[in-house]
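[1] I would like to see how this sequence folds:
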Amino acid sequence: MARMARLKGIKVTGSDMVMGKMTERIERIGGKIFIGHKKENLPPDTNLVIYSPAITMDNPEFVYARELKIPTYSYPEALGLLSKDMYTIAVSGTHGKTTTTCIIAELMIYGNLDPTVVVGGLLKKQQDNFVLGGNKYFVVEACEYKESFLNLNPNILIITNIDNDHLDYYRNIENIQNAFAKLINKTKDFVVCDLNDQNTLKALKKAKQITEPPKIIDYMGETLNIKLSIPGQHNLKNAKAAFAVSKLIGLEEESAKKILRDYTGSWRRFEYKGETEKGAKTYDDYGHHPTEIQATLKGAREYFPDKKIVVVFQPHLYSRTRLLLDDFAGSFKDANEVIVTDIYAAREKDDHSVHAKDLTEKINSISNNAKYIKDFTEIENYLKTRIDRNTVILTIGAGDVYKIGENIVKK
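    Predicted coordinates:
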């Protein structure tokens with residue numbers, strides 16, 4: 001939203017907990033970014049405030065905006081405003097929605113359909129998380145956190161899968177299914193999903209039989225006999241979902257298949273970072289849920305059957321780590337070695353109910369291949385001095401763990 005505003009010539013300020021690739025991109029096109037949240041960051045003459053659902057209602061900038069009676073929209077509400085008047089292709093699901101959104105975006109961009117795109121990662125070829133296109137098509141990643149995606153008005157809804165996540169909000173899988181059922185009810189034309197996914201089936205059954213229900217398309221029924229440039233069966237499923245959408249919007253099949261063959265991935269999704277001085281290939285992945293980690297490591301093992309795989313894992317959120325501790329512990333069987341670093345707090349405060357050391361012990365009770373190292377510099381030194389060309393290094397997590405990989409590869 002910040003990039004869209006700047007590209008339209010609007011003055012933009014904002015704040016985040018740390019500086020990263022996204023915030024740096026905003027600054028490069030003239031936005032002003034503050035690190036840390038405080039009242040003074042908000043110019044009193046601001047016309048509109050857009051905030052993340054991850055912030056709390058006592059956030060000083062949010063409170064000050066309300067005091068000044070500045071209109072405030074959550075990020076999902078702002079996306080909903082964009083979605084209202086455009087043909088919206090919304091990509092939802094617990095896992096794979098960023099990759100699937102990126103693939104659909106590439107299909108439409110190189111299929112000359114000129115979409116406007118909002119995605120949670122970076123489109124690799126555009127090196128951007130926002131593409132300003134025409135006024136017809138809107139491709140958007142639809143996040144389920146706090147039912148954010150219910151602000152959207154999808155013409156086509158993709159559900160990659162439904163799994164246990166955001167249990168700090170939803171509490172159980174039934175509530176997650178209920179949220180997806182509501183989104184299905186809002187969808188106008190098509191729901192593209194995997195009818196083998198039991199949680200998706202339950203969500204479809206929970207959806208009310210509205211006057212004109214959307215047509216259900218099973219993307220697993222797509223025949224896609226092509227070799228992708230990205231590894232893993234999970235990515236083949238993502239490609240099948242995108243391919244099903246391309247047919248619905250009229251892209252020629254052979255043209256779509258060529259674009260799919262040329263797709264090389266997105267930012268922080270099994271992203272190749274380079275080699276260390278000793279020749280170890282280094283990759284980074286955003287996976288922060290047990291199912292995602294298992295899929296990524298399975299794909300890495302298929303891709304590198306004869307290599308040793310060393311994982312640096314940064315757990316994301318205390319609540320997720322605590323609630324899914326046993327599931328996380330069983331996720332690293334395809335790794336030879338796991339280095340666990342401290343939990344990335346993001347929107348949460350440490351309630352001391354769980355520590356990265358707890359996860360390390362749990363992993364060792366199953367696969368006995370984990371060690372806890374707190375300091376990033378210590379991890380980097382360990383990897384640079386002890387890991388050779390027979391090893392693949394994979395940093396995994398939704399926080400800033402990717403910096404380790406960037407620091408150890410040859411410049």
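[2] doesn't N225 lie inside a strand?
    No: counting by DSSP: H, G, I helix; E, B strand; the rest coil, N225 falls outside a strand, being coil.
[3] E302 reaches N235, doesn't it?
    No: between E302 and N235 there is no contact under CB atoms under 8 Å: 11.0 Å. For the C-beta atoms, the positions are set from N, CA and C on the backbone; glycine is no exception.
[4] between those two, which one's more packed in?
    For E302 and N235, the more surrounded residue by other CB atoms under 10 Å is N235, and the numbers stand at 23 against 12.
[5] which residues sit against the one helix or strand that one maps to?
    For N235, the host element (DSSP states H and E) is helix 233-248. Under the contact criterion CB atoms under 8 Å, 6 or more residues apart in numbering, helix 233-248 has outside partners 89, 95-96, 99-100, 103-104, 107-108, 111, 156, 158, 160, 189-190, 192, 194, 217, 219-220, 222, 224, 228, 253, 256-257, 260, 263, 295-296, 298-299.
[6] cool, stretch 163-181 as well?
    92, 94-95, 144-147, 149-150, 159, 162, 199-200, 202-204, 206-208, 289, 291, 317, 319-320, 323-324, 348.
[7] same check on stretch 69-84?
    1, 46-53, 62, 65-66, 90, 116, 118, 138, 140, 143, 148-154.
[8] need the CA coordinates for it. PDB is fine.
    Output of stretch 69-84 as PDB, limited to C-alpha atoms (Å, rounded to 0.1, in the frame of the first residue of the first chain):
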ATOM      1  CA  LYS A  69      -9.600  11.900  14.200                       C
ATOM      2  CA  ILE A  70      -7.500  10.800  11.200                       C
ATOM      3  CA  PRO A  71      -9.300   8.100   9.200                       C
ATOM      4  CA  THR A  72      -7.800   4.700  10.000                       C
ATOM      5  CA  TYR A  73      -8.000   1.500   7.900                       C
ATOM      6  CA  SER A  74      -6.400  -1.800   8.600                       C
ATOM      7  CA  TYR A  75      -4.300  -3.200   5.800                       C
ATOM      8  CA  PRO A  76      -7.000  -5.800   4.900                       C
ATOM      9  CA  GLU A  77      -9.700  -3.100   4.900                       C
ATOM     10  CA  ALA A  78      -7.500  -1.000   2.500                       C
ATOM     11  CA  LEU A  79      -7.100  -4.100   0.200                       C
ATOM     12  CA  GLY A  80     -10.900  -4.500   0.400                       C
ATOM     13  CA  LEU A  81     -11.400  -1.000  -1.000                       C
ATOM     14  CA  LEU A  82      -9.100  -1.900  -4.000                       C
ATOM     15  CA  SER A  83     -10.800  -5.200  -4.500                       C
ATOM     16  CA  LYS A  84     -14.400  -3.700  -4.500                       C
END
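[9] just the buried residues of that stretch, please?
    For stretch 69-84, a neighbour-count test (16 or more other CB atoms under 10 Å) marks I70, Y73, S74, Y75, P76, A78, L79, G80, L82, S83 as buried.
[10] wouldn't L260 be in contact with I103 here?
    Yes: using CB under 8 Å, L260 makes contact with I103 at a distance of 7.0 Å.
[11] neighbour count: those two, which is higher?
    For L260 versus I103, the count of surrounding residues by other CB under 10 Å is larger for I103: 29 against 21.
[12] can you tell me how far the more buried one sits from V91?
    According to CB to CB, to the nearest Å, I103 stands 9 Å off from V91.
[13] now the element after the one helix or strand V140 maps to, going C-ward?
    Assigned by DSSP H and E, V140 belongs to strand 137-141. Remark: after strand 137-141, the chain's next helix or strand is strand 156-159, criterion DSSP H and E.
[14] contact partners of that next one?
    88-93, 97, 100, 104, 142, 180, 183-184, 187, 189-194, 197, 200, 203, 214, 219, 241, 245, 248-249.
[15] average pLDDT across stretch 309-324?
    For stretch 309-324, mean pLDDT rounds to 92.
[16] and what of stretch 151-159?
    Rounded mean pLDDT across stretch 151-159 is 95.
[17] burial count for T100?
    28.
[18] and G397, by the same measure?
    25.
[19] in what helix or strand does the residue positioned nearest the centre of the chain lie?
    The residue lying closest to the centre of the chain (CA atoms, centre = their mean) is T98, at 4.8 Å. For T98, the element it lies in under DSSP H and E is helix 97-110.
[20] now that helix and helix 233-248, what's the angle there?
    Counting by axes from the mean of the first three to the mean of the last three CA atoms, to 10 degrees, helix 97-110 lies at 40 degrees to helix 233-248.
[21] below-threshold pLDDT in the stretch 201-350 of the chain: ranges please.
    209-211, 265-267 (pLDDT under 70).
[22] which residues of it fall in helices?
    Ranges of helices in the stretch 201-350 of the chain, per DSSP state H, counting those that start in this stretch, are 233-248, 253-262, 290-303, 318-323, 325-329.
[23] who are the packing partners of the last one?
    Judged by 3 or more CB pairs under 8 Å, 6 or more residues apart in numbering; DSSP states H and E, the packing partners of helix 325-329 are helix 290-303, helix 356-366.
[24] how far is it from where the chain is centred?
    In terms of CA atoms, centre = their mean, to the nearest Å, the centre of helix 325-329 is found 20 Å from the chain centre.
[25] buried set for it?
    For helix 325-329, by 16+ other CB under 10 Å, it's L325, D327, F328, A329.
[26] in contact with the second one: list those residues for me.
    With contact taken as CB under 8 Å, 6+ apart, D327 is in contact with P290, T291.
[27] which ones are touching T321?
    The contact partners of T321, taken as CB under 8 Å, 6+ apart, are P315, F328, I343, V354, A356, D358, L359.
[28] tally of neighbours for the closest residue to it other than its chain neighbours?
    Nearest non-adjacent residue to T321, counting by CB to CB, 6 or more residues apart in numbering: P315, 4.4 Å away. Using other CB under 10 Å, the number of residues around P315 comes to 27.
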